[in-house]
Each structure stands twice: as C-alpha cells, then as structure tokens.
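Chemist: quick one, structure for this:
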Amino acid sequence: MRVYKKKYITKGFTPGEEWMTKDKKGLFTEYIGSIVFYAGNPFGGESMTKEVQKNMQLYPFQQSKEKILYDEIKPEYNRNFIEPVPYKHKLTDKEIEKGEYSRYFTEIQNTGAICEVDKNQYKYFKKDSTPYHKNALWVEIKLKLSIKAVGLNYESILEAKQTIKNIHKFVLPTDYMIWPDDPKGIDTSPDDRRIYEGGEMLVPTNLPKAYQEGNLGRVQTNKLIPPNQNCQNCVFYDEGLCDKFDAYVKNNYWCAKYIYDLNDDPYYRPKIKLPK
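Modeler: Numbers count the residues shown, from 1 in each chain. Reported below is the predicted structural model:
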C-alpha cells in the first residue's frame with residue numbers, strides 16, 4: 001500500500017475554468033470541486049489516494065476543444081512531430097512557363113503563429129497523423145502570374161481566409177507579377193522620367209513600377225485592378241503620403257503593395273469559385 005506523505009500534500013478548490021480531467025478515450029472535461037496537490041501536481045478529490053492519482057489527474061483548462069494541451073501529449077508523439085520550418089517560395093522554371101504556382105501556409109492555433117512552409121511540410125501537416133496536427137491549420141493557395149489575374153488571386157486569398165483569418169498579411173495577390181512599362185495613367189517624358197498623364201507633374205522615383213491608376217468604386221476603369229482598390233483605401237496611405245514608399249501619391253492610384261483588411265471592403269465580394 002502506497003503512503004502519501006502529508007508534507008507533500010496541499011488542498012484547494014476550483015470554481016471552474018481552471019482545470020480539466022481526461023477520460024480513457026482522451027476527452028477533456030472541465031473540473032469543478034476539491035483539489036489535492038501532491039508534490040505540486042493537481043488531482044481532483046478531497047484526499048490523496050492511489051485511485052485519485054490514477055484517474056483524477058488535472059490538466060490546465062482550455063476554452064476551445066479544438067485546441068490540444070501540448071504539455072500533456074504522450075511522449076512518443078514528441079519524437080514523431082516536427083515543428084514548421086519557415087520557407088519562402090521561389091518560382092521554378094516550370095511554374096513560370098505554366099503561369100501559375102502554389103504557396104502553402106500553416107497556423108499553430110494555440111500560439112496564432114502563421115508560417116509559410118514548403119509542399120512536403122504541407123503534406124505532412126495535412127495528414128493529421130498525431131494529436132499535435134489537430135492544433136495546426138493549413139492551406140494551399142493557388143495563384144497566377146498574369147497581371148490580368150489580380151482578381152482571381154484576390155479570390156484565392158479570400159478563400160484561404162476562411163481557414164487562416166490573417167493569411168492576407170503573408171501573401172499578396174500581386175506577388176511575383178511583372179508589370180508593363182506603360183501602366184495606366186503614367187507617361188514617360190523625353191528624358192525617360194515617369195510623369196502623370198498630361199505631364200502636370202513627375203511621379204516620385206521611389207514609387208514602384210506597378211504604380212498606376214486604380215479604381216475609385218465598383219466600375220473598373222483599370223481592368224487590371226480589382227474594384228475599389230486605390231491608394232486612398234490602402235493601409236499605407238496617410239493624408240496623401242504613402243508610408244510604404246515615403247512618397248506622395250494620388251488618391252485614385254494603386255500599386256502592387258496595396259493591402260488592407262479584406263473584410264472591410266464594401267464593394268468587392270466575389271463568388272469563391274476558382275478555375276481548375
């Protein structure tokens with residue numbers, strides 16, 4: 001018979017939202033009631049017994065049942081699980097020739113960390129082969145290289161947001177696109193400097209090549225740019241100044257670094273149905 005020394009035992013009580021018990025099937029249930037701590041480890045009960053130690057171990061309370069308790073997963077899973085390794089996609093010759101590519105991301109739910117991973121890691125996390133994987137969200141985003149596909153890429157990112165809410169902060173619909181030398185609303189002066197159409201003023205040299213006329217509302221005056229996208233509603237815009245490039249811009253212009261919270265757009269609500 002095991003003897004539990006009193007000097008190692010302290011007692012307490014929890015009103016809830018502090019501890020959980022786990023049954024034989026691995027399911028967690030919130031625990032309310034008396035607690036006995038033995039050598040600092042919590043158990044549900046009024047006194048320390050062999051039965052309590054075996055069946056009433058307590059685990060930190062977690063609000064979401066979808067999230068797992070990392071510290072309590074069986075040791076063998078630690079040996080079989082790999083953490084996401086950050087990866088930055090580089091276009092291959094095959095992708096350039098095809099005009100499309102895929103990027104892969106995962107989010108670890110209990111920390112909220114979002115990480116781009118390569119295709120092999122994406123397949124690994126998608127397997128859902130250990131309890132650790134239940135804590136990882138994953139998405140594949142299929143994107144196109146053509147500058148005429150900004151809208152399609154925009155829809156693809158919006159679809160991915162249904163799984164990873166903040167994914168739009170890690171990928172832009174204009175990534176890797178090569179813009180023409182004659183963007184809408186921009187002319188070139190005889191001495192090869194960019195000027196606004198009509199020649200009324202020079203375009204600041206630190207603005208990117210993609211800087212061009214955008215769209216003020218539902219009507220796309222520039223077919224390359226999704227509706228309602230312009231400098232004025234970009235997150236980098238501050239009273240006529242672009243914080244991204246430290247240059248003065250026109251309200252109705254746009255560049256490939258345009259970004260904002262997709263949920264805030266009152267105009268652009270595409271149907272999520274991408275071509276195969």
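
Chemist: residue 14 belongs to a strand, doesn't it?
Modeler: Yes - judged by DSSP: H, G, I helix; E, B strand; the rest coil, residue 14 forms part of a strand.

Chemist: state the distance from it to residue 53.
Modeler: Distance of residue 14 to residue 53, computed by CB to CB, to the nearest Å: 18 Å. C-beta coordinates here come from the backbone N, C-alpha and C atoms, glycine included.

Chemist: low-confidence ranges in the stretch 1-150 of the chain?
Modeler: Counting by pLDDT under 70, the stretch 1-150 of the chain contains low-confidence ranges at 1, 62-82, 128-132.

Chemist: just the helices in it please.
Modeler: All helices of the stretch 1-150 of the chain, identified by DSSP state H, counting those that start in this stretch, fall at 50-55, 75-80, 93-98, 119-126, 150-160.

Chemist: so which of those is the most packed in?
Modeler: Of all the helices of the stretch 1-150 of the chain, helix 150-160 carries the top mean neighbour count, a mean of 20, counting by mean count of other CB atoms under 10 Å.

Chemist: the next helix-or-strand element following that one pairs with which strands, parallel or anti?
Modeler: Next helix or strand after helix 150-160 toward the C-terminus (DSSP states H and E): strand 186-188. According to DSSP bridges, strand 186-188 has the following sheet partners: strand 194-196 (antiparallel).

Chemist: tell me the mean pLDDT over the partner strand?
Modeler: Per-residue pLDDT over strand 194-196 has a mean of 92.

Chemist: any idea how far that strand is from the chain center?
Modeler: 37 Å (CA atoms, centre = their mean, to the nearest Å).

Chemist: repeat for stretch 247-259
Modeler: Its chain's C-alpha centre and that of stretch 247-259 lie 24 Å apart, by CA atoms, centre = their mean.

Chemist: what do you get for stretch 28-40?
Modeler: Distance of stretch 28-40 from its chain centroid, counting by CA atoms, centre = their mean, is 36 Å.

Chemist: same thing with stretch 226-244?
Modeler: 22 Å.

Chemist: burial of residue 106, as a residue count?
Modeler: 22 (other CB atoms under 10 Å).

Chemist: on that earlier part again, how about JSON lines for the helices of the stretch 1-150 of the chain, with distance to residue 36 added?
Modeler: Shown next, in JSON lines, are the helices of the stretch 1-150 of the chain (distance: least, CB to CB, whole Å):
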{"stretch": "helix 50-55", "distance to residue 36": "7"}
{"stretch": "helix 75-80", "distance to residue 36": "25"}
{"stretch": "helix 93-98", "distance to residue 36": "60"}
{"stretch": "helix 119-126", "distance to residue 36": "39"}
{"stretch": "helix 150-160", "distance to residue 36": "47"}
